[in-house]
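Asker: this is the structure alone, sequence omitted:
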C-alpha cells in the first residue's frame, strides 16, 4: 500500500520572461486553499491526501496545473470551485474530472 492514497503536486512556478506560468494564476493561493480544505475534512496525512508545492512541471501552456499520483492524472483549474470538484470527485469518490483533465 502507498504511504498516501493521493499525492498532489501544484505547480507554482514564476517566470519572469513573459511566458505563461502557473504563479500568474494565483497557484500558491489555490494550493493553500485546497490544502486547508483537505485538512479540515481530516483527509490529510498517511493513508490519505498529501498536497505539495512543485516547481515548474513544464505544462504552463495549459494554465495552472496540478498532477495527482499515483494515477498520474493532470488537471487544470480556474478557481476554487474547480478544486472543490477535483477534491470531491477524484480524491473522495475516485472519479476523474474529465472536463478539467489535461491529456
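Answerer: Here it is on my side, so go on. Just so it is clear, the structure is predicted and the values come from calculations on it, not from any experiment. Numbers count the residues shown, from 1 in each chain.

Asker: from here on, contacts and neighbour counts on C-alpha atoms
Answerer: Fine.

Asker: who does the lengthiest helix in the chain touch, helix- and strand-wise?
Answerer: Of all segments of type helix in the chain, defined using DSSP state H, the longest is helix 27-40. Judged by 3 or more Cα pairs under 8 Å, 6 or more residues apart in numbering; DSSP states H and E, helix 27-40 is in contact with strand 6-11, strand 49-54, helix 80-85.

Asker: redo the ones you listed as JSON lines? Include mean neighbour count and distance to residue 64.
Answerer: Below are those laid out as JSON lines (neighbours: other Cα atoms under 10 Å; distance: least, Cα to Cα, whole Å):
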{"stretch": "strand 6-11", "mean neighbour count": "23", "distance to residue 64": "7"}
{"stretch": "strand 49-54", "mean neighbour count": "18", "distance to residue 64": "12"}
{"stretch": "helix 80-85", "mean neighbour count": "15", "distance to residue 64": "11"}
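
Asker: make TSV from those and add distance to residue 94 and mean pLDDT to it.
Answerer: TSV is the format used below for those (distance: least, Cα to Cα, whole Å; pLDDT from 0 to 100):
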stretch	distance to residue 94	mean pLDDT
strand 6-11	10	96
strand 49-54	13	96
helix 80-85	12	98
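
Asker: where does the prediction get shaky in the protein?
Answerer: Applying pLDDT under 70 to the chain flags the ranges 1.

Asker: hmm, what's the outermost residue in it?
Answerer: residue 17 (24.2 Å; Cα atoms, centre = their mean).

Asker: quick one: that residue and residue 41, what's the gap?
Answerer: Distance, residue 17 to residue 41, using Cα to Cα, to the nearest Å: 39 Å.

Asker: for residue 73, same thing?
Answerer: Separation of residue 73 from residue 41 (Cα to Cα): 22 Å.

Asker: over to residue 52?
Answerer: 17 Å.

Asker: same thing with residue 26?
Answerer: Distance of residue 26 to residue 41, given as Cα to Cα: 23 Å.

Asker: cool, and residue 25?
Answerer: Residue 25 is 25 Å from residue 41, where distance means Cα to Cα.

Asker: tell me the secondary structure for the most centrally placed residue in the chain?
Answerer: In the chain, the residue lying closest to the centroid (Cα atoms, centre = their mean) is residue 66, at 3.5 Å. With DSSP: H, G, I helix; E, B strand; the rest coil as the basis, residue 66 sits in strand.
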